[in-house]
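In: coordinates only, sequence not included:
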């Protein structure tokens, strides 16, 4: 399982690196190297912990983003999200790596790196509280899927999406792209749209989720939404 984790991480780092450096037209981009290093090290750290704590969940996390049991709408969403993700990285690379239009202050870049760190640490806590946190929307009947309502799930219904907002904001800050940072509200809106559709699936297919949603009122941020 650890070997699969390492290979999976290397492949994703290679894809992100290829997109960033190709669009930037240079390898001389220290911020991009630091970004890949941070994401890679923290990703393997969280994965190794998960391999020991819940290897079945790690297997789910390493699975494809389009699966037979996945909700149909989520297959289209994930396909579109993948294309949007790559386009966003191209924008980051052109803006920060090729054109160098407006330098990001060092303190904001450091804040970006910190936001990515907090995101991955918080995601590990999500995995601790929810052993059914698959990357796709589906009812995991074969794994005895039940409602998770402890840990961060006691405060918001989608703590992983809340943590992802930190990653979305931290990435353009660390890499130095104001244009990509301006796109973050659209990406967050996409997460919100998926959260609403995901809840519809869980309401109809997962026993007890409607009661949980009634108890925990907020999706991403307490007292806001």
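Out: Perfect, I can see it now. Remember, it's a predicted structure, so these values are computed and weren't measured experimentally.
In: is residue 220 in contact with residue 158, as I believe?
Out: Yes: taking CB atoms under 8 Å as the definition, residue 220 is a contact partner of residue 158 at 6.0 Å. No exception for glycine: its C-beta is placed from N, CA and C like everyone else's.
In: between the two, which is the more surrounded one?
Out: Under the neighbour definition other CB atoms under 10 Å, residue 220 and residue 158 were set side by side, and residue 158 has more, 22 against 19.
In: need the contact list for the more buried one.
Out: If you count contacts by CB atoms under 8 Å, 6 or more residues apart in numbering, residue 158 has them with 191, 195, 198, 219-220.
In: now, of the residues you listed, which are buried?
Out: Using 16 or more other CB atoms under 10 Å as the burial test, the contacts of residue 158 include 191, 195, 198, 219-220 as buried.
In: okay, and which of the residues you listed map to helices?
Out: Among the buried ones among the contacts of residue 158, DSSP state H puts 191, 195, 198 in helices.
In: between those residues, which is nearest residue 17?
Out: Closest approach to residue 17 among those (CB to CB): residue 191, at 24.4 Å.
In: how much space between the closest one and residue 202?
Out: Remark: distance between residue 191 and residue 202 (CB to CB, to the nearest Å) = 16 Å.
In: and if you look at residue 78?
Out: The spacing between residue 78 and residue 202, counted by CB to CB, is 17 Å.
In: in the host helix or strand of residue 113, which residues are buried?
Out: Residue 113 belongs to helix 106-129 when elements are defined using DSSP states H and E. For helix 106-129, the neighbour count (16+ other CB under 10 Å) marks 108-109, 111-113, 115-117, 119-120, 122-124, 126-129 as buried.
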